[in-house]
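> turn this into a model:
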Amino acid sequence: MSGKSKKGRREKDLTSRYLSGALDEDRLDSLEAFKPSNKERAQGKILRTSQLRQEESSTDTSTLPIGRVIQVFSLFCEVEFDGSAYLCVIRKTLQRISQTQLVVGDFVRFRIVERAGIAELQVGLPAENQQLPQGVVEEVLPRKTILTRAASFKGIVQHPIVANAQQMLIVVSAQQPRPKWGLVDRMLVAALAGGLEPVLCLNKLDLLKTTGEPESAPPSGEQDLDPADPVLAFDYYASLGYRLLKTSAADQIGLDALRETLRDKDTVVAGHSGVGKSSLINAIQSSLDLRVGQISRYTNKGIHTTTSARRYPLDFGGSIIDTPGVKMLGLWQVTRENLIDYFPDIANETAPTRRRESYERILESLRQ
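You can find the predicted model right below:
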């Protein structure tokens, strides 16, 4: 297609022309001029920032209310205080000095602000969150326990996902998807290293083809336990001193014992995708109505339905923190030297083959 381009030539050396005095300053001013809308937006941002800084300088954080973070978005967090939820931003200066990001479970001191203060940043938030009263997080209180994600394999940098939980419910599926015992072992170490008490839960008992109560695993691991037998492999953990639960949301099995375990505790619910975490939570408190996923017929693996961690209060006391199905967790402050402290059966040479393999895989991941 012939014809001249409608665009003018691009200036290739604008800086040198300006320094030599060859560039018309009036033309430069016109190129740099703000549009009225941009100018108003910039001035408004400067005004809001100065107002916030003025308020911050006169704020005594010790007098501010203490709330609990129940969900984290990209720019916001949802903070619960005195039965109400607040949509909060974290003070920028606090972001700069904080060593880690804000996570679900954090206790924070926050200041309630007028809705206009952060309304312009709410693009993309769910409509129900946009209607919440608003606040600014001024201080994050020290954490008692921590659960980290996989980026902190070597325990050098903390990448938390949940704070201040008391226990961790590790859910394993008896069938569909098949249990991943190596992942269970890693979750056990992650929970213990973060200060949480682990509780193991074998779910979907209704899918087992066998009937009757299966035999318990022998206390000694001298004989190799068949990982293909989910009940036998699961029961082995009782010999290591872990609490065990066996459940089925479909057949209402073990739900009373599960409620008692969760009562008055903050519990992280974790496990591979598709093991039935959301179904179990719905079974003990249907009002939560969490999304339940299906198992892929192509891979026999779970499909993610939970996309971010969130804290939910329980009617009978305590709370649960639902987490996305995870493939790997970080091991905070776990080293090649102290890993064996989390594997007593390795230390006393009674571990079955699958536990020895788990230990070796984790040990290799900690290699510097």
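> show me the shaky parts of the stretch 1-150 of the chain.
When residues are selected by pLDDT under 70, those of the stretch 1-150 of the chain lie in 1-59, 95-99, 115-131, 150.
> so what's the residue count around Asp82?
For Asp82, the count of nearby residues is 8 (other C-beta atoms under 10 Å). Heads up, the C-betas are built off the backbone N, CA and C, glycines and all.
> then the one 3 residues further on?
Neighbourhood size, Ala85 [other C-beta under 10 Å]: 16.
> same deal with Leu147?
30.
> ok, Gln176 next?
Around Gln176 sit 15 other residues, with neighbours defined as other C-beta under 10 Å.
> kindly confirm my reading that it is in a strand.
No: assessed with DSSP: H, G, I helix; E, B strand; the rest coil, Gln176 is coil; it does not lie in a strand.
> check the gap between it and Leu208 for me.
Relative to Leu208, Gln176 is positioned 11 Å away (C-beta to C-beta, to the nearest Å).
> next one: Ile146
Between Ile146 and Leu208 the distance is 35 Å, computed by C-beta to C-beta.
> the two: which has the busier surroundings?
With neighbours defined as other C-beta under 10 Å, Ile146 and Leu208 compare such that Ile146 has more, 25 against 15.
> what ranges do the helices span in the protein?
Listed from the start of the chain, the chain has helices (DSSP state H) covering 14-19, 25-32, 36-57, 92-97, 127-130, 181-193, 230-235, 255-262, 277-284, 344-347, 353-365.
> pLDDT value on Val326, please?
For Val326, the model assigns a pLDDT of 53.
> same question, Ser216
45.
> same check, this time on Asn164
Looking at Asn164, its pLDDT reads 96.
> what residues are up against Gly135?
Residues in contact with Gly135, defined by C-beta atoms under 8 Å, 6 or more residues apart in numbering, are Gly67, Val79, Tyr86, Leu87, Cys88, Phe110, Arg111, Ile112, Val113.
> OK, contacts around the fifth one?
For Cys88, the residues meeting the contact criterion (C-beta under 8 Å, 6+ apart) are Phe76, Cys77, Glu78, Val79, Val108, Phe110, Gln134, Gly135, Val136, Val137.
> for the closest residue to Glu197 other than its chain neighbours, which residues count as its bridge partners?
Spatial nearest neighbour of Glu197, excluding adjacent residues (C-beta to C-beta, 6 or more residues apart in numbering): Gln167 at 4.3 Å. Here Gln167 sits in beta bridges with Glu197, Thr267, going by DSSP bridges.
> Gln167: how many residues sit nearby?
Number of residues near Gln167 (other C-beta under 10 Å) recorded here: 19.
> correct me if wrong: it contacts Thr267.
Yes: counting by C-beta atoms under 8 Å, Thr267 is a contact partner of Gln167 at 5.1 Å.
> any common contacting residues for these two?
Common neighbours of Gln167 and Thr267 (C-beta under 8 Å, 6+ apart) are Val199, Thr261.
> Thr247 contacts Ile253, correct?
Yes: between Thr247 and Ile253 there is a contact under C-beta under 8 Å: 5.7 Å.
> higher neighbour count, those two?
Thr247 (25 against 18).
> from Val140, how far off is that one?
35 Å.
> now swap in Ile362 and tell me
For Ile362, the distance to Val140 equals 30 Å [C-beta to C-beta].
> related to what we said a few turns ago, dump the contacts of Cys88 into CSV; add distance to Tyr342 as well.
Below are the contacts of Cys88 laid out as CSV (distance: C-beta to C-beta, whole Å):
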residue, distance to Tyr342
Phe76, 36
Cys77, 32
Glu78, 34
Val79, 34
Val108, 31
Phe110, 36
Gln134, 43
Gly135, 39
Val136, 40
Val137, 34
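> now, of these, which are buried?
The neighbour-count test (16 or more other C-beta atoms under 10 Å) marks Phe76, Cys77, Glu78, Val79, Val108, Phe110, Gln134, Gly135, Val136, Val137 as buried among the contacts of Cys88.
> which one is the third one nearest to, not counting chain neighbours?
On the basis of C-beta to C-beta, 6+ apart, the spatially nearest residue to Glu78 that is not a chain neighbour turns out to be Gln71, at 4.4 Å.
> can you check Phe234 too?
Leaving aside its sequence neighbours, Phe234 sits nearest to Leu202 (C-beta to C-beta, 6+ apart; 4.7 Å).
> for Ile170, same thing?
Met187 (4.9 Å).
> tell me, how many neighbours does that neighbour end up with?
Number of residues near Met187 (other C-beta under 10 Å) recorded here: 25.
> and Pro344, by the same measure?
Pro344 is flanked by 13 other residues according to other C-beta under 10 Å.
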